[in-house]
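A.B. asks: My questions concern the predicted model and sequence given below.
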Amino acid sequence: MLVAAFLLFVASARAEESGPLNQVQLLLGPTAPTNKLGYNGQDRLGGPGVALGARYCRRAGPIFDVGLEITAAGSSEHSSDMLVGNAVTKSKVGSLFVLLEGKIARQKGTLRPWVLAGFGIHSTTLKMDVTPNAGYSWTNTLTRETRTIIDSTKSAGALTLQAGVDAALSEHAMLGLAFAWYLAGKATYSVTPDGRASGFADASGPISYAGLQFNLGWRF
């Protein structure tokens, strides 16, 4: 549905300036989850990670582009003593975003600032491992082994807001830097059988990422 709508929108777009009408970009940069998820307690779900993606844009007006972005964002493992009481929780999260985007951008000059907004879907995997602190144990076995309480992949709606500036290296080649924020919409991540036997429930909520984004583009 998203791809069909995107192709229809691109087909109806009319360029109003001369010059390259299309652009492809490779996207790469550091990112990290920014919001806190409430579980037994509240904390972030991951540490600093990397986002890698690609974007296609088509000129639709003097300063307006439409585009499609596919980006994968992932965190490093985060250790927390706040998500679950009397235990250490190690968690990490990763999301795949597919987004339709509208971009307002300067089309001429060496430096070309731009802003962008997009919407689409995400597929996100959340993993949480819990180890009781010294002096505590699992109530059903009286042991202290690490248990995976959530290992779940879910999908929902997604958003992105971005702003940056591109430098024209030639008529076709572009190099840019941006701030990028992604929102993986609210989803419910299922508890594992071990987690349910240990008294845990599903985790639910949105997950957001923010970071810098370097891009290398080619206009044609």
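C.D. replies: Done, it's in. Numbers count the residues shown, from 1 in each chain.
A.B. asks: only C-alpha atoms for contact and neighbour calcs from this point on.
C.D. replies: OK.
A.B. asks: Show me where the protein has its strands.
C.D. replies: Remark: strands assigned in the chain by DSSP state E are 22-33, 37-38, 42-43, 47-59, 64-76, 78-80, 87-105, 111-132, 147-168, 173-189, 203-219.
A.B. asks: contacting residues around residue 213?
C.D. replies: Listed by CA atoms under 8 Å, 6 or more residues apart in numbering, the contact set of residue 213 reads 27, 28, 29, 30, 51, 177, 178, 179, 180.
A.B. asks: beta partners for the nearest residue to the fourth one once chain neighbours are set aside?
C.D. replies: Counting by CA to CA, 6 or more residues apart in numbering, residue 50 is the residue found nearest to residue 30 once chain neighbours are left out, at 4.5 Å. Listed beta-bridge partners, residue 50: residue 30, residue 74 (assigned using DSSP bridges).
A.B. asks: next one: the one 4 residues further on
C.D. replies: Going by DSSP bridges, residue 54 is paired in beta bridges with residue 26, residue 70.
A.B. asks: Equivalent analysis for the one 5 residues further on, please.
C.D. replies: Each beta-bridge partner of residue 59 is listed here, defined by DSSP bridges: residue 65.
A.B. asks: Surely it touches residue 22?
C.D. replies: Yes. At 6.3 Å, residue 59 and residue 22 qualify as touching, with contact defined as CA atoms under 8 Å.
A.B. asks: Can you give me the distance of the residue of the chain most remote from its centre to residue 136?
C.D. replies: No residue in the chain sits farther from the centre than residue 142, which is 38.8 Å out by CA atoms, centre = their mean. To residue 136, residue 142 is 8 Å away according to CA to CA, to the nearest Å.
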